[in-house]
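S.K.: have a look at this prediction, sequence included:
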Amino acid sequence: MTRVLSALAIGLIFGSGISLSGMVNPAKVLNFFDFAGTWDPSLAFVMGGALIVTAIGYAFILKRGAPVFDRLFHLPTRRDIDTPLVAGSAAFGIGWGIAGFCPGGAVPALGLGHTQAWLFVGCMIVGIALARLASRSRTARAATGAAKISSSVHTANVVAGR
Amino acid sequence: MTEFTPFVSLLGGSLIGLSAVLLMAFHGRIAGMTGILTGLVPPFFSDWGWRAAFVAGAIGAPALIVSVTDYTVPFESTTPAPWLIFGGLIVGAGAYFGSGCTSGHGVCGTARLSPRSIVATFTFMVSTAATVFVVRHLIGGL
């Protein structure tokens, strides 16, 4: 229960940050990328603030043995640059550029109640589900005992035995 | 046009960073929305509880801000519905195959100097900027 309440509180901080920063607003996100038009550099300050706080905070926390509610830190360990990483990221960018929503911006936008956010997030979840199915069937075809899924997120969970 | 908001954006960004630090400190997890959501897409991961709570908090925050304070959270989306559907599908699939999105790669991974995250972040920033250029300046809008 404490675990769940803690995650809820941390989610509230994340959602507040997304809301105040302007990441929740597709028009502002698209203007950040529109160097040739109505450029709004605000999001550079969002990324800057987030990166500085995270880099400093991680440096202190990762020196400790374990997080409060778990036995270990679930950190992706892969360092190779492969095709799914680059092609997936490129495709994600095309969608971000079309809609102005990234996952972290779109999910809090649900709380503002706009239908565009609900439509986008619904389709995004379908996209995740289809991609998961596709990579599962590919893995099944590979038919080796050691299933290796090309997602560090997923791998971290497998490593953690979840 | 949107107003240039350096101070409130820096504050918002710092809160995003604070949430990433706290999620690592308490739960040992990367605060990446794609990775967290993936565990909530059937078949659910066994640790779906903290994931659902984080997402509920993220959705609840703007609702709380709007209902408790006088602050209005600016929001404007002019993308037509068919393009939102297409965008949503490729954002979900692309971020899944790419192992993360702006929060996971752009903030958490880049902050710990992960080479995969730095490459992913550079790739999607360039691809997003190119898409916006094509949509706004070559096609003239969707």
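M.R.: In hand now; what should we look at?
S.K.: low-scoring stretches of chain A, by residue?
M.R.: A:143-162 (pLDDT under 70).
S.K.: can you pull the buried residues of the lengthiest helix in chain A?
M.R.: Counting residues, the longest helix found in chain A (DSSP state H) is helix A:115-142. Within helix A:115-142, the residues scored as buried using 16 or more other C-beta atoms under 10 Å in any protein chain shown are A:116-117, A:119-129, A:131-132, A:135. Every C-beta, even on glycine, is put in place using the N, C-alpha and C of the backbone.
S.K.: now it, how far from the centre of its chain.
M.R.: Helix A:115-142 sits 14 Å away from the centroid of its parent chain (C-alpha atoms, centre = their mean, to the nearest Å).
S.K.: all helices for the chain, in order.
M.R.: As the question left the chain open, I've gone with chain A. A:2-21, A:26-32, A:42-61, A:83-99, A:103-109, A:115-142, A:152-159.
S.K.: sorry, should have said chain B
M.R.: Under DSSP H, chain B gives helices at B:6-27, B:33-38, B:48-68, B:81-97, B:110-111, B:115-133.
S.K.: tell me the most buried of those helices?
M.R.: The highest average neighbour count among the helices of chain B, using mean count of other C-beta atoms under 10 Å in any protein chain shown, belongs to helix B:33-38 at a mean of 27.
S.K.: re the thing from before, which one of the helices of chain A lies nearest to residue B:27?
M.R.: Ranking these by their distance to residue B:27 (criterion: C-beta to C-beta) puts helix A:2-21 first, at 6.4 Å.
S.K.: buried set for the closest one?
M.R.: A:3-4, A:6-21.
S.K.: also stretch A:86-102?
M.R.: For stretch A:86-102, a neighbour-count test (16+ other C-beta under 10 Å) marks A:86, A:88-102 as buried.
S.K.: farthest pair within those residues?
M.R.: Counting by C-beta to C-beta, the most remote pair of those is A:86 and A:100, 22.5 Å apart.
S.K.: thinking again about what came up before, now the longest helix of chain A against helix B:81-97, angle please.
M.R.: 40 degrees (axes from the mean of the first three to the mean of the last three C-alpha atoms, to 10 degrees).
S.K.: quick one: helix A:115-142 near chain B?
M.R.: Yes: using C-beta under 8 Å from any C-beta of the partner chain, we find that helix A:115-142 touches chain B at A:116-117, A:119-132, A:135.
S.K.: output the contacting helices and strands for that helix.
M.R.: helix A:103-109, helix B:33-38, helix B:81-97 (3 or more C-beta pairs under 8 Å, 6 or more residues apart in numbering or on different chains; DSSP states H and E).
S.K.: residue A:31 is nearest to which of those helices?
M.R.: helix A:103-109 (13.5 Å).
S.K.: list the helices and strands that closest one packs on?
M.R.: helix A:2-21, helix A:115-142, helix B:33-38, helix B:48-68, helix B:81-97.
S.K.: these two touch, right, residue A:32 and residue A:39?
M.R.: Yes: with contact defined as C-beta atoms under 8 Å, residue A:32 counts as touching residue A:39 (7.3 Å).
S.K.: neighbour count winner among the two?
M.R.: Using other C-beta atoms under 10 Å in any protein chain shown as the criterion, residue A:32 and residue A:39 rank with residue A:32 on top: 25 against 13.
S.K.: tell me the contacts of that one?
M.R.: A:39-44 (C-beta atoms under 8 Å, 6 or more residues apart in numbering or on different chains).
S.K.: tell me which of those is nearest to residue A:82?
M.R.: The closest of the contacts of residue A:32 to residue A:82 turns out to be residue A:43 (C-beta to C-beta; 28.0 Å).
S.K.: and the gap between the closest residue to that closest one other than its chain neighbours and residue A:7?
M.R.: Spatial nearest neighbour of residue A:43, chain neighbours left out: residue A:32 (4.0 Å); criterion: C-beta to C-beta, 6 or more residues apart in numbering or on different chains. Distance, residue A:32 to residue A:7, by C-beta to C-beta, to the nearest Å: 29 Å.
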